[in-house]
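A.B. asks: What shape does this take:
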Amino acid sequence: MRRVVVFLLLAAALAAAGYKVAFMVCDPQNRWEDALAYFYNEPRFYWVAYYNCVYMTPDPYEFSKQDVIIVGGSLGYHDPNLFGDRLADYVDQGGKVVVETGGIVYSPDYDGIGGRWRSDGYSPYPCDDF
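C.D. replies: Residues are numbered from 1 along each chain as shown. Next up is the predicted model:
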(Lines give C-alpha, C1' and ligand atoms only; values in the text may rest on other atoms or scores of the structure.)
Protein backbone atom coordinates (compact mmCIF):
# COMPACT_ATOMS: atom_id res chain seq x y z
CA MET A 1 0.00 0.00 0.00
CA ARG A 2 2.82 2.42 0.84
CA ARG A 3 4.32 1.87 -2.63
CA VAL A 4 0.99 2.86 -4.20
CA VAL A 5 0.76 6.08 -2.18
CA VAL A 6 4.30 7.09 -3.15
CA PHE A 7 3.63 6.39 -6.80
CA LEU A 8 0.33 8.26 -6.73
CA LEU A 9 2.10 11.34 -5.37
CA LEU A 10 4.82 10.96 -7.97
CA ALA A 11 2.24 10.39 -10.69
CA ALA A 12 0.44 13.61 -9.88
CA ALA A 13 3.65 15.58 -10.33
CA LEU A 14 4.65 13.81 -13.56
CA ALA A 15 1.23 13.74 -15.18
CA ALA A 16 0.93 17.50 -15.40
CA ALA A 17 3.62 17.56 -18.09
CA GLY A 18 2.50 14.60 -20.25
CA TYR A 19 5.59 12.55 -19.56
CA LYS A 20 6.60 9.25 -21.10
CA VAL A 21 7.20 6.88 -18.19
CA ALA A 22 8.71 3.41 -18.13
CA PHE A 23 8.70 0.91 -15.31
CA MET A 24 11.96 -1.06 -15.71
CA VAL A 25 11.55 -3.39 -12.78
CA CYS A 26 12.43 -6.87 -11.61
CA ASP A 27 9.11 -8.23 -10.51
CA PRO A 28 6.11 -9.87 -12.10
CA GLN A 29 3.73 -7.24 -13.44
CA ASN A 30 1.08 -8.11 -10.84
CA ARG A 31 3.34 -6.72 -8.07
CA TRP A 32 3.09 -3.32 -9.77
CA GLU A 33 -0.51 -3.56 -10.97
CA ASP A 34 -1.92 -0.81 -8.70
CA ALA A 35 0.71 1.72 -9.70
CA LEU A 36 0.52 0.69 -13.37
CA ALA A 37 -3.28 0.92 -13.36
CA TYR A 38 -3.09 4.50 -12.15
CA PHE A 39 -0.49 5.46 -14.76
CA TYR A 40 -2.30 3.64 -17.61
CA ASN A 41 -5.63 5.25 -16.77
CA GLU A 42 -4.35 8.78 -16.27
CA PRO A 43 -5.03 10.60 -19.58
CA ARG A 44 -2.33 13.18 -18.99
CA PHE A 45 0.43 10.58 -19.43
CA TYR A 46 1.52 10.38 -23.02
CA TRP A 47 3.22 6.97 -22.73
CA VAL A 48 3.50 4.30 -20.03
CA ALA A 49 5.60 1.18 -20.57
CA TYR A 50 6.42 -1.86 -18.44
CA TYR A 51 9.64 -3.86 -18.83
CA ASN A 52 10.27 -6.96 -16.72
CA CYS A 53 14.05 -6.76 -16.47
CA VAL A 54 14.40 -10.20 -14.88
CA TYR A 55 14.47 -11.70 -18.37
CA MET A 56 15.99 -8.96 -20.50
CA THR A 57 17.82 -5.64 -20.50
CA PRO A 58 16.13 -2.95 -22.60
CA ASP A 59 18.26 -1.61 -25.43
CA PRO A 60 19.52 1.98 -25.38
CA TYR A 61 16.68 3.14 -27.65
CA GLU A 62 14.09 2.00 -25.08
CA PHE A 63 15.85 4.09 -22.45
CA SER A 64 16.21 7.15 -24.68
CA LYS A 65 12.52 7.48 -25.53
CA GLN A 66 11.48 7.83 -21.86
CA ASP A 67 11.24 11.04 -19.83
CA VAL A 68 11.24 9.15 -16.52
CA ILE A 69 12.28 5.60 -15.68
CA ILE A 70 11.10 3.90 -12.49
CA VAL A 71 13.41 1.11 -11.32
CA GLY A 72 13.13 -1.39 -8.50
CA GLY A 73 11.87 -4.80 -7.62
CA SER A 74 12.63 -7.76 -5.46
CA LEU A 75 14.18 -10.09 -8.04
CA GLY A 76 17.52 -9.79 -9.82
CA TYR A 77 18.12 -7.86 -13.03
CA HIS A 78 18.93 -10.02 -16.05
CA ASP A 79 22.34 -8.33 -16.51
CA PRO A 80 22.79 -5.97 -13.56
CA ASN A 81 25.99 -4.39 -14.87
CA LEU A 82 24.68 -3.76 -18.39
CA PHE A 83 21.45 -2.35 -16.96
CA GLY A 84 23.43 -0.06 -14.62
CA ASP A 85 25.63 1.14 -17.48
CA ARG A 86 22.61 1.94 -19.64
CA LEU A 87 20.83 3.64 -16.75
CA ALA A 88 23.90 5.84 -16.10
CA ASP A 89 24.10 6.69 -19.84
CA TYR A 90 20.41 7.64 -19.72
CA VAL A 91 21.03 10.01 -16.79
CA ASP A 92 24.06 11.50 -18.59
CA GLN A 93 21.71 12.34 -21.48
CA GLY A 94 19.34 14.20 -19.15
CA GLY A 95 16.98 11.37 -18.19
CA LYS A 96 15.26 11.19 -14.81
CA VAL A 97 15.18 8.07 -12.62
CA VAL A 98 12.91 7.20 -9.70
CA VAL A 99 14.37 4.41 -7.55
CA GLU A 100 12.15 2.09 -5.52
CA THR A 101 14.07 0.49 -2.67
CA GLY A 102 14.48 -2.86 -4.42
CA GLY A 103 16.76 -1.20 -6.96
CA ILE A 104 19.36 0.17 -4.58
CA VAL A 105 21.17 -2.89 -3.30
CA TYR A 106 23.81 -4.69 -5.33
CA SER A 107 26.03 -7.63 -4.51
CA PRO A 108 27.21 -10.66 -6.45
CA ASP A 109 24.49 -12.68 -4.68
CA TYR A 110 21.66 -10.18 -5.20
CA ASP A 111 21.62 -8.78 -8.70
CA GLY A 112 20.42 -5.25 -8.00
CA ILE A 113 21.64 -2.43 -10.24
CA GLY A 114 25.39 -2.63 -10.82
CA GLY A 115 27.70 -1.26 -13.47
CA ARG A 116 28.33 2.48 -13.68
CA TRP A 117 25.10 3.16 -11.77
CA ARG A 118 26.79 1.77 -8.69
CA SER A 119 30.52 2.25 -9.33
CA ASP A 120 30.28 5.89 -10.48
CA GLY A 121 27.92 7.02 -7.74
CA TYR A 122 24.68 7.48 -9.69
CA SER A 123 22.57 5.65 -7.12
CA PRO A 124 20.90 8.11 -4.75
CA TYR A 125 21.35 5.54 -1.98
CA PRO A 126 24.98 4.42 -1.82
CA CYS A 127 25.28 0.98 -0.26
CA ASP A 128 28.11 -1.44 0.13
CA ASP A 129 27.98 -5.07 -0.85
CA PHE A 130 26.59 -7.17 1.95
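A.B. asks: Pretty sure Ile113 is one of the things Leu87 touches, is it not?
C.D. replies: Yes. Leu87 lies in contact with Ile113 (CB atoms under 8 Å); the separation is 6.5 Å. The C-beta positions use only the backbone N, C-alpha and C, and glycine is treated the same way.
A.B. asks: overlap in contacts of the two?
C.D. replies: Both Leu87 and Ile113 are in contact with Val71, where contact means CB atoms under 8 Å, 6 or more residues apart in numbering.
A.B. asks: Would you agree Ile69 falls within a helix?
C.D. replies: No. Assignment of Ile69 by DSSP: H, G, I helix; E, B strand; the rest coil gives strand, placing it outside any helix.
A.B. asks: which ones are touching it?
C.D. replies: Val21, Ala22, Phe23, Met24, Phe63, Leu87, Tyr90, Gly95, Lys96, Val97, Val98.
A.B. asks: Out of the residues you listed, which is nearest to Val71?
C.D. replies: Of all those, Met24 has the smallest distance to Val71: 5.4 Å, by CB to CB.
A.B. asks: Surely that closest one is in a helix?
C.D. replies: No. Checked against three-state DSSP, Met24 lies outside a helix; its state is strand.
A.B. asks: For it, which residues are in contact?
C.D. replies: By CB under 8 Å, 6+ apart, the contact list for Met24 reads Tyr51, Cys53, Pro58, Ile69, Ile70, Val71, Phe83.
A.B. asks: Helix, strand, or coil at the closest residue to the third one other than its chain neighbours?
C.D. replies: In this structure, Pro58 finds its nearest non-sequential neighbour in Tyr51, 5.2 Å apart by CB to CB, 6 or more residues apart in numbering. Classification of Tyr51 into helix, strand or coil gives strand, according to three-state DSSP.
A.B. asks: Relative to Val21, how far out is Tyr51?
C.D. replies: Separation of Tyr51 from Val21 (CB to CB, to the nearest Å): 11 Å.
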